[in-house]
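Colleague: fold the following for me, if possible:
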Amino acid sequence: QVQLVESGGGLVQAGGSLRLSCVASGRTFNSLTSLTMTWFRQAPGREREFVGGSGGGTYYADSVKGRFTISRDNAKNTVYLQMTSLNPEDTAVYYCAARFGTVVYSINWQYDLWGQGTQVTVSS
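Modeller: All right, here's what the predicted structure looks like:
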């Protein structure tokens, strides 16, 4: 089993930046390189939506393209989501998700490994 633990959420003013981290661990887990790592977010009353993912390539939702950047440190089994130019519409619980393989899916049910989520709140 693989466990994912997110951190780095918090309260930030509009225009600010945050960096989220997601650390992967587990008995059946050998290397972050075997996983596609993806970020989703869910705002109150809304469905969980794709933010971006890193597998064979790195992909982003149009709403965050140019503002958010995903990076990986395979030696630390950690994936990061650097968020800049934040606005109140980015307020949500951010989830790290993973699946074995290299394909980045934007659909949440394609992922069976999830973190507990971290709250990001952007004030205007």
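
Colleague: show me the shaky parts of the protein.
Modeller: Along the chain, the model assigns pLDDT under 70 to residues 28-29.

Colleague: find the centremost residue of it, please.
Modeller: Trp39 (2.4 Å; C-alpha atoms, centre = their mean).

Colleague: paired strands for the host helix or strand of it, with orientation please.
Modeller: In the assignment (DSSP states H and E), Trp39 maps to strand 35-42. Here strand 35-42 is paired, per DSSP bridges, with strand 49-54 (antiparallel), strand 92-100 (antiparallel).

Colleague: of those, which is nearest Gly16?
Modeller: Closest to Gly16 of the strands paired with strand 35-42, according to C-beta to C-beta: strand 92-100, at 15.0 Å. Glycine gets a C-beta too; all of them are placed from N, C-alpha and C.

Colleague: using PDB, list the CA coordinates for the closest one.
Modeller: This file holds the C-alpha atoms of strand 92-100, laid out as PDB (Å, rounded to 0.1, in the frame of the first residue of the first chain):
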ATOM      1  CA  ALA A  92     -10.100  24.700  -2.000                       C
ATOM      2  CA  VAL A  93      -8.900  21.600  -0.300                       C
ATOM      3  CA  TYR A  94      -6.000  20.400  -2.400                       C
ATOM      4  CA  TYR A  95      -5.500  16.600  -2.700                       C
ATOM      5  CA  CYS A  96      -2.500  14.700  -3.900                       C
ATOM      6  CA  ALA A  97      -3.400  11.600  -5.900                       C
ATOM      7  CA  ALA A  98      -1.300   8.800  -7.500                       C
ATOM      8  CA  ARG A  99      -1.500   5.800  -9.700                       C
ATOM      9  CA  PHE A 100       1.100   3.400 -11.000                       C
END
